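In: based on what follows, work out the 3D shape:
(2 chains)
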Protein chains: 2
Amino acid sequence: MSTAISPLAPTDVPDMPVIAGVRLATAAAGIRYKGRTDVLLALLDKGTTVAGVFTRSKCPSAAVDWCRAKLKGGQARALVVNSGNANAFTGKTGKQATTLTAAIAAKATGSSPDNIFLASTGVIGEPLDATKFNGVLDDLALRAVPEGWLDAARAIMTTDTFPKVATATVRLGKAKVTINGMAKGAGMIAPDMATMLSFVFTDAPLSASVLQSLLKTGVADTFNAVTIDGDTSTSDTLLAFATGAAKDAPKISRASDPRLKAFAKAFHGVLANLAEQVARDGEGARKLIEITVEGATSNASARRIAMSIANSPLVKTAVAGEDANWGRVVMAVGKAGEPADRDKLSISFNGIRVAHRGARDPSYDEAEVSKLMKQQTIRIKVGLGLGKGRDRVLTCDLTKEYVAINGDYRS
Amino acid sequence: MSTAISPLAPTDVPDMPVIAGVRLATAAAGIRYKGRTDVLLALLDKGTTVAGVFTRSKCPSAAVDWCRAKLKGGQARALVVNSGNANAFTGKTGKQATTLTAAIAAKATGSSPDNIFLASTGVIGEPLDATKFNGVLDDLALRAVPEGWLDAARAIMTTDTFPKVATATVRLGKAKVTINGMAKGAGMIAPDMATMLSFVFTDAPLSASVLQSLLKTGVADTFNAVTIDGDTSTSDTLLAFATGAAKDAPKISRASDPRLKAFAKAFHGVLANLAEQVARDGEGARKLIEITVEGATSNASARRIAMSIANSPLVKTAVAGEDANWGRVVMAVGKAGEPADRDKLSISFNGIRVAHRGARDPSYDEAEVSKLMKQQTIRIKVGLGLGKGRDRVLTCDLTKEYVAINGDYRS
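Out: This is a model prediction of the structure:
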């Protein structure tokens, strides 16, 4: 497995501020990896609300089942995340493992199992030995501190090459509130919860329903607009926690509250930032690809065409080879099954129009395009010329390294 | 580009018999490749009927548009195929190129352009200079002979590593009739005309509608059940020609004619043989993967689940790495969006059940499975335990070679 950091990793890692009401600790429980942390405990003050969105897989992991059930209460006191084992497709054993993990965490944190949220990532189908959390979670609860966000992001990594964090500070009423997020991604990333795992925390006093509404709106053009390989994980989980501990902040219990506007924008910005980092750390990625589709008959149609391009192995290998092979983009538009008229289609790579009205643009200079294809970010824009539908998705190129990482992962 | 023959190539290449009423010739017209043939002309005797199925791409090639229009007449006198240039997304120039090619072919063969069928394969978006066929097609018409089927299959190759032919001889009434087929595939192979190009010829006297019916039934579990990379070409074309020149064979004008039964079976066998060869020559393929899904709620549901597995980069890279990573199969079942119950799922690799009722099969021996994963053909069987729906699809593994071939193709 590659240990080199993705060349697309952000160069500036933000200083992560503390969030009142959140404390973190990590440990090396030896679940799968040697010599690195693999468990994260986030302690949440009493009164913390929670919301979540999950994989649409028909075979979700035991942890996803657990969170979905516990979300109904809307209250959280702790989050336990492990990497190395997804606890997915582990049958009754898997369910027992979630129950046992939550029981250990509840005891360690002095709360009810109903307020414990769980996420697991890693290999599918191997039983997760939850007894390994015995003692470990007690120790973590004692050690938890408001700092250490980057360490937390590191503990949840699998094939990620860098930890992913983002932060924003914004006014809510007259108070200053903070939003911190972390994510892990890398492979098995596809729409309908593209995240694998992401956790967002704020000290804003938001009801669980407001938080859920922010998440639902926020994922559409962020995590759900990212694809690495079209493969949807059984474990994709995005949880948001609001401790309400920010001083003098107004309590928000309606998503339509006008005071929420700036916060919602900042919250969305954190999700967008994390989602882009996931694309930037796609397995074996050497180039970030932004695909914009305009002029579709609807936004939904534009999304499907953009995803068809983003998931095309032929488009992705062409970008890896620094080849502006717009013929393959035409192919991917055509196979999407959405309304498209060959003779109205235009395509550009990094601002240079290479195809126009169903044929090669006579004015385009192959040498100029070839030069631009050496850039780290490739922007493919497709104009359909049919309507006002528009969408944008992010993906990365398909390299030999992807094949190497995924051919050797388990063995 | 790789020049090594796929390790999955069939070891026995059949002796291709002649088909009364069909004559073949090939030439090197220098359309794109150097030092190899790239044009095939098949001359068809008067009275030959024709049928076809094509890509469902919304951006089909000019040749596909041409064939669709000419199919209405049901009569064919010649087939012209070129490799190296797909004449797709070439706008008005592309349409003009088909008109000119057909005119040259009509003149060379003494027939009407309405009876000329065309197919082009290769790079998309580059104008096809049809004037290159001037003289070449006249010469081919003079040189055409009943032999040379393997040479014909070779002339239509692009990234294929071996020519693909198949033949069958069968009784129709009391007469002996023959079916010969050829195909080219390799990349951009996906359902809804997975073939890129395939041509089947028979001397049986079948009406165009009978031939169309045989094709439509025949592709469902052959060409449409093969996927290499989920990418659907703009040019996928399967044409069938029936010269009717077999001595003493009864004329068949209804698909329900009971005398057609043995013929239909043999015809289907030729399609299945060619489709499997396409999978065996998937770009960079080192292993043939057969995916069988049983116990789905319907055959259509089984097909969608099988295709979800067959198109999963994570499943395909795992097979390339000789890893029986059934967790990724679970993932692919889950992402298909079809009815599936995790706790009823069972999965086997080459006959060894590795997962049963939603968890790892306790009795399976990893070492034994690992040994079987070294075989050239990997059979993945998924039991859903929900109903009687069943399907089978073929694909190949995803290797670094695929990335190399497709990263370097155009440049």
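
In: so where's chain A uncertain?
Out: A:1-3, A:186-195, A:229-232, A:408-411 (pLDDT under 70).

In: okay, now the domains of it?
Out: For chain A, automatic domain parsing gives the domain ranges A:22-280, A:288-408.

In: can you redo those domains as a markdown table with distance to A:M16?
Out: To be clear about C-beta, it is placed using only N, CA and C from the backbone, and glycine gets the same treatment. A markdown table is the format used below for these (distance: least, C-beta to C-beta, whole Å):
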| stretch | distance to A:M16 |
| --- | --- |
| domain A:22-280 | 4 |
| domain A:288-408 | 23 |
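
In: next, format those domains as a markdown table and append mean neighbour count and distance to chain B.
Out: Shown next, in a markdown table, are the domains of chain A (neighbours: other C-beta atoms under 10 Å in any protein chain shown; distance: least, C-beta to the nearest C-beta, whole Å):
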| stretch | mean neighbour count | distance to chain B |
| --- | --- | --- |
| domain A:22-280 | 22 | 3 |
| domain A:288-408 | 21 | 3 |
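
In: next up, phi/psi of the closest residue to A:P127 other than its chain neighbours, please.
Out: Closest residue in space to A:P127, ignoring its immediate chain neighbours: A:T93 at 4.8 Å, by C-beta to C-beta, 6 or more residues apart in numbering or on different chains. With angles defined as degrees, to the nearest 10, A:T93 sits at phi -60, psi -40.

In: again with A:F199
Out: phi -130, psi 130.

In: surely it meets A:L271?
Out: No - between A:F199 and A:L271 there is no contact under C-beta atoms under 8 Å: 11.4 Å.

In: identify the contacts common to the two.
Out: Common contact partners of A:F199 and A:L271 (C-beta atoms under 8 Å, 6 or more residues apart in numbering or on different chains): A:G181.

In: OK, contacts around the residue nearest to A:P127?
Out: A:P127, A:L128, B:A359.

In: then A:V333?
Out: Contacts of A:V333 (C-beta under 8 Å, 6+ apart): A:I305, A:S308, A:I309, A:A340, A:L345, A:V382, A:L384, B:K58, B:C59.

In: could you say what helices and strands the helix or strand harbouring the first one packs with?
Out: Using DSSP states H and E, the secondary-structure element containing A:I305 is helix A:299-310. With contacts defined as 3 or more C-beta pairs under 8 Å, 6 or more residues apart in numbering or on different chains; DSSP states H and E, the packing partners of helix A:299-310 are strand A:288-296, helix A:326-335, strand A:377-383, strand A:389-396.

In: show me what the following helix or strand past the second one is packed against.
Out: Heading C-terminal from helix A:326-335, the first helix or strand you meet, by DSSP H and E, is strand A:346-349. Counting contacts by 3+ C-beta pairs under 8 Å, 6+ apart, the secondary-structure elements packed against strand A:346-349 are helix A:326-335, strand A:352-356, strand A:377-383.

In: could you list the paired strands of strand A:346-349 along with their orientation?
Out: Strands that pair with strand A:346-349, judged by DSSP bridges, come out as strand A:352-356 (antiparallel), strand A:377-383 (antiparallel).

In: nearest to A:G21, of the ones you listed?
Out: strand A:377-383 (37.3 Å; C-beta to C-beta).

In: by how many degrees do the closest one and strand A:288-296 diverge?
Out: Orientation check (axes from the mean of the first three to the mean of the last three C-alpha atoms, to 10 degrees): strand A:377-383 against strand A:288-296 gives 10 degrees.
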